[in-house]
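Visitor: Quick one: sequence and predicted model below, then my questions.
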Number of protein chains: 2
Amino acid sequence: MKLASLKQGRDGQLVVVSKDLTRYAEATHIAPTLQAALDDWDLVAPKLAALANDVEIGSVPTKRFHEHDCESPLPRAYQWADGSAYINHVELVRKARGAEVPESFYSDPLMYQGGSDSFLGPRDNIPLGDKAWGLDFEAEVCVVTGDVPMGIDAKSALDQVKLIMICNDVSLRGLIPNELAKGFGFFQSKPSSAFSPVAVTPDELGDAWKDGKLHLPMLSTYNGKPFGKPECDVDMTFDFGTLVAHAAKTRPLCAGTIIGSGTISNRDPDGGAGKPVADGGLGYSCIAEIRMIETIRDGKPATSFMDIGDNIRIEVKDKAGHTVFGAIEQDVVKA
Amino acid sequence: MKLASLKQGRDGQLVVVSKDLTRYAEATHIAPTLQAALDDWDLVAPKLAALANDVEIGSVPTKRFHEHDCESPLPRAYQWADGSAYINHVELVRKARGAEVPESFYSDPLMYQGGSDSFLGPRDNIPLGDKAWGLDFEAEVCVVTGDVPMGIDAKSALDQVKLIMICNDVSLRGLIPNELAKGFGFFQSKPSSAFSPVAVTPDELGDAWKDGKLHLPMLSTYNGKPFGKPECDVDMTFDFGTLVAHAAKTRPLCAGTIIGSGTISNRDPDGGAGKPVADGGLGYSCIAEIRMIETIRDGKPATSFMDIGDNIRIEVKDKAGHTVFGAIEQDVVKA
């Protein structure tokens, strides 16, 4: 099934959306919010699934679904922890500044604790305070978990994946170097992220969800031009089971925890760093990456970070070309 | 007024507690949970204050209040961001490993994004998976904010402080070096924290809340012996207004955001690093700090981190000796 939170109050109004994202039925009589549904998932999910079936066969009244009416499925969450599972991205970051990737990075996932109290909606503008902050998008896959006990193994952790979404992990590249140098990780450099209009259960994805990975390409369109189309299952060093287990090593995770994959990034078929879409490559899921390619190739970056008026659209389509999660599409505006 | 969340469901049952922490009245008819109260604070707070007055004068039925029946006031929160406002602590960490404190640390606060989805109750055991993780407590002051707009100044930010609590920011020292070396900040090294039985409004503290600081000593008792009694307002380089404004520089903060001070740490009156309580000093608010003193003095630490069966009690008393927030008191148990 596919679930969304229409804009209403702080936590939105829970609705069940048709597979083709054209219609929805209200679901607040089953659970008032998506967080409430996740809090009691084993009891609530079958009822939502029955409603989803009714929506498909047309046996309940439905209304027209508009993606721009949506909050992120969890407009605010108790946890947002973002991994960096695509080592190609990490290798590029390091290569661009002439540093090696530590061996441990191939067995021990990178993950940071993100702010989860004030997400943007999938069609909300991104407020930018200062161009020097170096605004960038990052197209990612993420999962929403049930309750995960401390110390869980990766295989069992995968059973706790209840929903899958995509994400624009908004980043302020200009603030990252100073912040990471302080040693406490990202904070000001990771402002509010945005998630796809709908969250989707694993069964709904069929063959496209396997081994804890999404087997579809991530499509990023920047100012109307194709920017990236890497495959989400390729070069993903850590699957979602491993990422969830990593997060739960020293403490339990509450239902509604969101775990991200990090920026999707594929190597070239020849093992190279990846070419732009315009040059016949799969492109990139963030501006930082094309800047690294430019730096490695030309000694300095040519592409600028985002400015007022720029637009980013992030979407995943299935093999038949239908949108799966709806599209994140955001304009940058002055804060 | 003083508010608490009695253990019940995921988010507890909101109650108003008498000033002396002996009695409480249920407040769920006003707001079901503390988060719900914070979501609508301007409307709800006056009603809770009226109930608090009724509790004091005995005009409503009350029940006996037991601190061990409490969850943390927010059993789970949308944000927990912890500063490191006591530079003495940072100076000691650096000195023990022979490093300098960067000049910027005196003007730009250190702050990390903490996990907020699964707090421990103030009397809950601390589960430890492995002694090698190096379990430590950290006694801190923290504030709960209302909605804070992006880009707020420090003075206005202080007006958004709705509640004050104390905290045991549980830390796994053995996991910190590797984790910080990865560059993404704390994650596994900061498991679930615990907060005081009650959260207190600024007005309730009178003269003890001034200039964005708590003007009382933080009392830590480790395995029954006094371990620390530093003054919370002394050597606090950044007041809470500055810390909240730092957190809100690039994004708004949702009501119910918890901002921490970091480990309370005072210099000696002679400017030295601080002596143990047993030697006539003010002691420490974490084990790491006494280990640093030992390392600076003897070349190696003598005090061990916490193990199964160890007990930590953290409390603040007012000038008359009455507990202000109730006590955090936790035993370490095998996970």
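Guide: Nice, I can see it.

Visitor: Report the buried residues of stretch A:7-21.
Guide: Judged by neighbour count using 16 or more other Cβ atoms under 10 Å in any protein chain shown, the buried positions of stretch A:7-21 are A:R10, A:D11, A:G12, A:Q13, A:L14, A:V15, A:V16, A:V17, A:S18, A:K19, A:L21. Quick note: C-beta positions are derived from backbone N, CA and C, even for glycine.

Visitor: ok, those vs chain B, which is closest?
Guide: A:R10 (5.9 Å; Cβ to the nearest Cβ).

Visitor: one step back: list just the nearest of the buried residues of stretch A:7-21 to B:W209.
Guide: When the buried residues of stretch A:7-21 are ranked by distance to B:W209 (Cβ to Cβ), A:R10 comes first, at 27.9 Å.

Visitor: Verify the contact between that closest one and A:P75 for me.
Guide: Yes: in terms of Cβ atoms under 8 Å, A:R10 counts as a neighbour of A:P75; the distance is 6.5 Å.

Visitor: May I have stretch A:234-251 exported as PDB, CA atoms only?
Guide: Once side chains and other backbone atoms are set aside, the C-alpha atoms of stretch A:234-251 remain, and they are given as PDB (Å, rounded to 0.1, in the frame of the first residue of the first chain):
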ATOM      1  CA  VAL A 234      24.300  -0.800  -7.600                       C
ATOM      2  CA  ASP A 235      27.400   0.000  -5.600                       C
ATOM      3  CA  MET A 236      25.400   0.100  -2.400                       C
ATOM      4  CA  THR A 237      28.000  -1.200   0.000                       C
ATOM      5  CA  PHE A 238      25.600  -1.600   2.900                       C
ATOM      6  CA  ASP A 239      22.000  -2.800   2.500                       C
ATOM      7  CA  PHE A 240      19.200  -1.300   4.700                       C
ATOM      8  CA  GLY A 241      19.300  -4.300   7.100                       C
ATOM      9  CA  THR A 242      23.000  -3.500   7.900                       C
ATOM     10  CA  LEU A 243      22.200   0.200   8.200                       C
ATOM     11  CA  VAL A 244      19.300  -0.400  10.600                       C
ATOM     12  CA  ALA A 245      21.400  -2.800  12.700                       C
ATOM     13  CA  HIS A 246      24.200  -0.300  12.800                       C
ATOM     14  CA  ALA A 247      21.800   2.300  14.200                       C
ATOM     15  CA  ALA A 248      20.600  -0.100  16.800                       C
ATOM     16  CA  LYS A 249      23.900  -1.400  18.100                       C
ATOM     17  CA  THR A 250      23.800   0.400  21.400                       C
ATOM     18  CA  ARG A 251      20.200   1.400  21.800                       C
END
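
Visitor: How far does that stretch sit from its chain's centre?
Guide: Using Cα atoms, centre = their mean, to the nearest Å, the distance from the centre of stretch A:234-251 to the centre of the chain it belongs to is 15 Å.

Visitor: do the same with stretch A:27-43
Guide: Per Cα atoms, centre = their mean, the displacement of stretch A:27-43 from the mean C-alpha position of its chain is 22 Å.

Visitor: Could you do stretch A:55-73 as well?
Guide: With Cα atoms, centre = their mean as the basis, the distance from the averaged C-alpha position of stretch A:55-73 to the chain average is 22 Å.

Visitor: try stretch A:84-98
Guide: Computed by Cα atoms, centre = their mean, the chain-centroid distance of stretch A:84-98 equals 19 Å.

Visitor: got the contact list for it?
Guide: Around stretch A:84-98, the neighbours that count as contacts under Cβ atoms under 8 Å, 6 or more residues apart in numbering or on different chains are A:100-101, A:105-106, A:109-111, A:235-239, A:243, A:261-267, A:273-274, A:286, A:288-289, A:291-293, A:295-296, B:184.

Visitor: what about 6 Å?
Guide: The set of residues that contact stretch A:84-98 without belonging to it, under Cβ atoms under 6 Å, 6 or more residues apart in numbering or on different chains, is A:101, A:110, A:235-238, A:261-265, A:267, A:273, A:289, A:292, A:295-296.

Visitor: Excluding chain neighbours, what is closest to A:P61?
Guide: A:A25 (7.0 Å; Cβ to Cβ, 6 or more residues apart in numbering or on different chains).

Visitor: OK, contacts around that neighbour?
Guide: Taking Cβ under 6 Å, 6+ apart as the test, what A:A25 contacts is A:V16, A:L51, A:V55, A:V60, A:T62.

Visitor: 10 Å instead?
Guide: With contact set as Cβ atoms under 10 Å, 6 or more residues apart in numbering or on different chains, A:A25 has these partners: A:15-18, A:51-52, A:54-55, A:60-63, A:65.

Visitor: Can I get those in a markdown table including secondary structure?
Guide: Rendered in a markdown table, the data for those read as follows (DSSP: H, G, I helix; E, B strand; the rest coil):
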| residue | secondary structure |
| --- | --- |
| A:V15 | strand |
| A:V16 | strand |
| A:V17 | strand |
| A:S18 | coil |
| A:L51 | helix |
| A:A52 | helix |
| A:D54 | helix |
| A:V55 | helix |
| A:V60 | coil |
| A:P61 | coil |
| A:T62 | coil |
| A:K63 | strand |
| A:F65 | coil |
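
Visitor: Contact residues of the stretch 151-300 of chain A facing chain B?
Guide: By the criterion of Cβ under 10 Å from any Cβ of the partner chain, the positions of the stretch 151-300 of chain A lying close to chain B are A:151, A:170, A:172, A:175-176, A:178-193, A:246-258.

Visitor: Taking the centroid of chain A, which residue is nearest it?
Guide: Closest residue to the average C-alpha location of chain A: A:C167 at 2.5 Å, with Cα atoms, centre = their mean.

Visitor: downstream neighbour of the strand or helix carrying that one in the secondary structure list?
Guide: With secondary structure defined by DSSP states H and E, A:C167 is part of strand A:161-168. Later in the chain than strand A:161-168, the nearest helix or strand by DSSP H and E is strand A:171-172.

Visitor: Report all helices and strands that that next one contacts.
Guide: Under the contact criterion of 3 or more Cβ pairs under 10 Å, 6 or more residues apart in numbering or on different chains; DSSP states H and E, the helices and strands touching strand A:171-172 comprise strand A:135-136.

Visitor: following the strand it packs on, which helix or strand shows up next?
Guide: Immediately after strand A:135-136, counting by DSSP H and E, sits strand A:139-145.

Visitor: check contacts around the residue nearest to A:Y222 when sequence neighbours are not counted.
Guide: Using Cβ to Cβ, 6+ apart and skipping residues adjacent in sequence, the residue nearest A:Y222 is A:I312, 5.7 Å away. The neighbourhood of A:I312, defined by Cβ under 10 Å, 6+ apart, consists of A:126, A:135-139, A:168, A:170, A:194, A:220-223, A:227, A:286-287, A:306, A:328-332.

Visitor: filter those residues to the buried ones?
Guide: Buried positions within these, assessed by neighbour count (16+ other Cβ under 10 Å), are A:126, A:135-139, A:168, A:170, A:194, A:220-222, A:227, A:286-287, A:306, A:328-330, A:332.

Visitor: what's near enough to touch the residue lying closest to A:A327 once chain neighbours are set aside?
Guide: With Cβ to Cβ, 6+ apart as the criterion, A:A327 has its nearest non-adjacent residue at 4.2 Å, and that residue is A:E315. When the contact criterion is Cβ under 10 Å, 6+ apart, the partners of A:E315 are A:139, A:166, A:196, A:217-221, A:323-329.

Visitor: same thing with A:T62?
Guide: For A:T62, the contact set (Cβ under 10 Å, 6+ apart) comprises A:V15, A:V16, A:V17, A:S18, A:T22, A:R23, A:Y24, A:A25, A:E26, A:D54, A:V55, A:E56.

Visitor: make it 6 Å
Guide: For A:T62, the set of contacting residues under the criterion of Cβ under 6 Å, 6+ apart consists of A:R23, A:A25, A:V55.

Visitor: Include pLDDT when you put these into JSON lines, please.
Guide: Putting the contacts of A:T62 into JSON lines (pLDDT from 0 to 100) gives the following:
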{"residue": "A:R23", "pLDDT": "98"}
{"residue": "A:A25", "pLDDT": "98"}
{"residue": "A:V55", "pLDDT": "98"}
